[in-house]
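# my questions concern the predicted model and sequence given below.
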Amino acid sequence: MRDAAMVTPAELRKACAAFGTGVTVVTTREADRDYGMTVNAFLSLSLDPPLIGICIGLRARMLTRIQATGRFAVSVLSDDMADLAWHFAGRGSGATVPAFDDVAGLPIVRGAQAHFVTRLHATIPVGDHLLFVGAVETASRTADNRPLMFHNAAFGALIAPDAKEGAAPLRAVG
């Protein structure tokens, strides 16, 4: 519940938009069907034991699927995967056909920079989201591309280190 002295959700969203973050696709498999959604609320929580976290909104359909299966995978997207991110955010053009590989019984995005396959370790209510803590069963860095970034409500990419001086550090993609 919000105290009158607290910022509004719109004010918080606007301020948080200044924070650039990586972009992931979170997947699970339920009854032989694969499900995914774009998530930028992803974090490393612990190296020992190996734990990661994702935050999912209480109204997201993915929430009940992860709760039912007790497992989820996270694929870290490269800067050439903005169309895929839009697809799994429910705002794609319909032209994108995602390709998956199977790792330890869960789908991961083919060509992603890295992936993590987890079993649900804990679920923590956090306001209008649930924080899913996953115990990492497998993790792999599979590509060395630049990451897809989300900043100011748009996807972008980091520029190459050898780019011209004065160039913006983030270029728009997608």
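Received it, and whenever you're ready, just let me know what you need.
# enumerate every residue touching residue 99.
The contact partners of residue 99, by CB atoms under 8 Å, 6 or more residues apart in numbering, come to 109-111. (Each C-beta comes from the backbone N, C-alpha and C, glycine too.)
# against residue 59, how distant is the closest residue to residue 66 other than its chain neighbours?
The shortest distance from residue 66 to any non-neighbouring residue, by CB to CB, 6 or more residues apart in numbering, is to residue 72 (5.0 Å). Residue 72 is 18 Å from residue 59, where distance means CB to CB, to the nearest Å.
# okay, now the sheet partners of whichever helix or strand residue 119 is part of, with direction.
Under the criterion DSSP states H and E, the helix or strand holding residue 119 is strand 114-126. With DSSP bridges as the test, strand 114-126 is paired with strand 71-76 (antiparallel), strand 129-141 (antiparallel).
# most tightly packed of these?
Ranked by mean neighbour count, these are led by strand 71-76 with a mean of 26 (mean count of other CB atoms under 10 Å).
# now the element after that one, going C-ward?
Downstream of strand 71-76, the next assigned helix or strand under DSSP H and E is helix 82-88.
# report the next helix or strand after that next one in sequence order.
Heading C-terminal from helix 82-88, the first helix or strand you meet, by DSSP H and E, is strand 100-103.
# note down every partner strand of whichever helix or strand comes after that following strand and its orientation.
Later in the chain than strand 100-103, the nearest helix or strand by DSSP H and E is strand 106-109. Its sheet considered, strand 106-109 pairs with strand 100-103 (antiparallel) by DSSP bridges.
# any idea of the mean pLDDT in the partner strand?
Averaging pLDDT along strand 100-103 gives 94.
# what's in contact with that strand?
Against strand 100-103 from outside (CB under 8 Å, 6+ apart): 27, 34, 73, 107-110, 115, 117, 138, 140.
# a markdown table please, covering those and showing distance to residue 100.
Below are the contacts of strand 100-103 laid out as a markdown table (distance: CB to CB, whole Å):
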| residue | distance to residue 100 |
| --- | --- |
| 27 | 7 |
| 34 | 6 |
| 73 | 9 |
| 107 | 4 |
| 108 | 6 |
| 109 | 6 |
| 110 | 6 |
| 115 | 10 |
| 117 | 12 |
| 138 | 15 |
| 140 | 15 |
